[in-house]
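Starting from these lines, generate the structure:
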Amino acid sequence: MAIDYQAARTRLDDEFAEVEQAVLVGNPPNLQNRELVAHFDEVFGSRTQAYREVLLGCILAKIQDRTIDVHRPYVGHGEDAFNGRTLDERVINPFLHDRRIPSSRGPYLSTFRRSVAFESATREGLRDKTGFDALLAIVDHVNEANNPQLISLLRHSLARFIQLRDAAGIQVVRLQRISLEQYDRLIQGLLSTPSGGRFPVILIEAAMTAISERFSLGWSIEVQGINVADRPAGAGGDILVRAGGTLLLAAEITERAVGRDRVVATFQAKIAPQGIDDYLFFVRDPVGEEVMRQARQYFAQGHEVNFLEIRNWLRTILSTIGRAGRDAFNRIAVERIGAAEIPAALRVAWNEQINRITAA
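I've put the predicted structure just below:
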């Protein structure tokens, strides 16, 4: 049967973006069928990469056309067959390479040559027979699944591929000397990338550290972990800046719009109890007049609550601290992006942004 390869790639990219974001926030898609999960464990644990690559193609093909028999990946197998090799070469393999996921050079050029079908007779010529048996069990399920079940299988497969990429490790591209215009493009690109709040915190910490180093201020900069509750930990914000034990300022960094209720809640939970005089909200978008009126009220009470747009603030700081300061910013940013706890998805996004701004 004919497959729309462009539509297949678009479906893959769209679903991957959603799954990647779910994985970032600790809510990966899971299957309820424990037996099926065990088969996925075998396929994704196999040293034969071809198994998982052809599986992804089978799921995509079945989503496009329910009349396809995914046991038959060569058009010579009959009217209900599909062209697995072309699907892999045009969609699956480029997708895996683009997403920095470990992959083979092509399953239909190695493991599944000579018009073999996904059936029990094929296992005799394969090294990992247990992995192939698990693949067949999933393919059987794919062939009978309805559309919601197929989408669930696709998302679970993509989550498994993300796990493979994370386990493989992604080396972070080092940030060398770039212009202020390139910094602006880098910052804009990173802030536009869903990161669970990590990119804004990393960039602002790097900038704060660069200020301290450039002007020998001796600041101690404490960063609260992403998704760690501030109040139980006794922290007043996402970033605390101290000098000689004295709290200079506290900062809350948010990708979401900040309304009056958010400001009031922050004041009651963090600013007032800890007597913080200078509190910054780093925001992606400008705040409204209602928020500013509330801030003026707190100012009259002796607490400064100010709002800074992340991109504009970073651009101003980087233009002010000079070459030495920017070198410090580069070093800290790369160190934080390369930290073990940072998801591979964010390292990939960082590398892509660096490559984009430095490409000739």
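
all contacts plus neighbour counts: C-alpha atoms, from now on.
Will do.

Confirm Gln188 sits in a helix?
Yes: under DSSP: H, G, I helix; E, B strand; the rest coil, Gln188 falls within a helix.

Thought Ile310 was touching it, still the case?
No: here Gln188 does not reach Ile310: they are 9.6 Å apart, not a contact under C-alpha atoms under 8 Å.

Could you grab the helix/strand/coil label for Ser103?
coil.

For it, give me the backbone phi and psi.
Recorded main-chain torsions at Ser103 are phi -150, psi 170, according to degrees, to the nearest 10.

what's the answer for Gly196, then?
Note on Gly196: backbone dihedrals following degrees, to the nearest 10 are phi 60, psi 30.

need the strands for the stretch 101-250 of the chain, in chain order.
220-223, 239-243, 246-253 (DSSP state E, counting those that start in this stretch).

In TSV, list these along with mean neighbour count, mean pLDDT and distance to Ala340.
Below are the strands of the stretch 101-250 of the chain laid out as TSV (neighbours: other C-alpha atoms under 10 Å; pLDDT from 0 to 100; distance: least, C-alpha to C-alpha, whole Å):
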stretch	mean neighbour count	mean pLDDT	distance to Ala340
strand 220-223	17	93	16
strand 239-243	18	93	20
strand 246-253	18	92	22
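
TSV for these, including distance to Arg66?
Formatted as TSV, the strands of the stretch 101-250 of the chain follow (distance: least, C-alpha to C-alpha, whole Å):
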stretch	distance to Arg66
strand 220-223	51
strand 239-243	52
strand 246-253	47
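
ok, back up a step: pick out whichever of Gln188 and Ile310 has more residues nearby.
Ile310 (25 against 15; other C-alpha atoms under 10 Å).

does that one really touch Pro286, like I thought?
No: if you go by C-alpha under 8 Å, Ile310 and Pro286 don't touch, sitting 10.0 Å apart.

Now do the same for the nearest residue to Val37 once chain neighbours are set aside: helix, strand or coil?
Take Val37 and drop its neighbours on the chain: the residue closest to it by C-alpha to C-alpha, 6 or more residues apart in numbering is Leu31, 6.6 Å away. What three-state DSSP gives for Leu31 is coil.

At which residues are the helices of the stretch 101-250 of the chain located?
Along the stretch 101-250 of the chain, counting by DSSP state H, counting those that start in this stretch, helices occupy 129-144, 147-168, 180-191, 198-214, 230-233.

Run through the neighbouring helices and strands of the one helix or strand Leu12 maps to.
Using DSSP states H and E, the element containing Leu12 is helix 5-24. Contact analysis of helix 5-24 by 3 or more C-alpha pairs under 8 Å, 6 or more residues apart in numbering; DSSP states H and E lists helix 49-64, helix 93-98, helix 147-168 as its packing neighbours.

Please name whichever of the strands of the stretch 101-250 of the chain is nearest to Arg85.
strand 246-253 (47.1 Å; C-alpha to C-alpha).

Next up, the contacts around the residue nearest to Arg214 when sequence neighbours are not counted.
Using C-alpha to C-alpha, 6+ apart and skipping residues adjacent in sequence, the residue nearest Arg214 is Gly325, 5.1 Å away. Counting by C-alpha atoms under 8 Å, 6 or more residues apart in numbering, Gly325 makes contact with Ala210, Ile211, Glu213, Arg214, Leu318.

Next one: the fourth one from Val287, what distance?
The gap separating Arg214 from Val287 is 31 Å, by C-alpha to C-alpha, to the nearest Å.

Of those two, which one has the most company?
The residue with more neighbours, out of Arg214 and Val287 and counting by other C-alpha under 10 Å, is Arg214; that gives 19 against 16.

Just to check, the more buried one is in contact with Ile321?
Yes: contact criterion C-alpha under 8 Å: Arg214 and Ile321 qualify, at 6.7 Å.

tally of neighbours for the residue nearest to Val37?
Neighbours around Leu31, by other C-alpha under 10 Å: 13.

ditto for Gly288
For Gly288, using other C-alpha under 10 Å, the count is 12.

Begin at 16 from now on, thanks
New numbering, starting at 16: the last item is Gly303.

wait, what's in contact with it?
Gly274.

Got the phi and psi for it?
According to degrees, to the nearest 10, Gly303 has phi -90, psi 170.

What mean pLDDT does the helix or strand containing the residue nearest to Arg229 get?
Assigned by DSSP H and E, Gly340 falls within helix 337-352. Summarised as a single mean, pLDDT over helix 337-352 is 94.

Domain-wise, how is this protein divided?
20-183, 195-373 (automatic domain parsing).

where among those is the average confidence lowest?
domain 195-373 (a mean of 90).

gap between the two ends of it?
Domain 195-373: ends 12 Å apart by C-alpha to C-alpha.

what's the answer for stretch 116-129, then?
26 Å.

next one: that stretch to chain centre, how far?
Taking C-alpha atoms, centre = their mean, to the nearest Å, the mean C-alpha location of stretch 116-129 is offset from the chain mean by 27 Å.

go on, stretch 73-83?
With C-alpha atoms, centre = their mean, you get 27 Å for stretch 73-83.

List the buried residues for that stretch?
Using 16 or more other C-alpha atoms under 10 Å as the test for burial, stretch 73-83 gives Cys73, Ile74, Leu75, Ala76, Lys77, Ile78, Gln79, Arg81, Ile83.

does the fourth one really touch Tyr20, like I thought?
Translated: Ala76. No: Ala76 is beyond contact range of Tyr20, at 9.5 Å (criterion: C-alpha under 8 Å).
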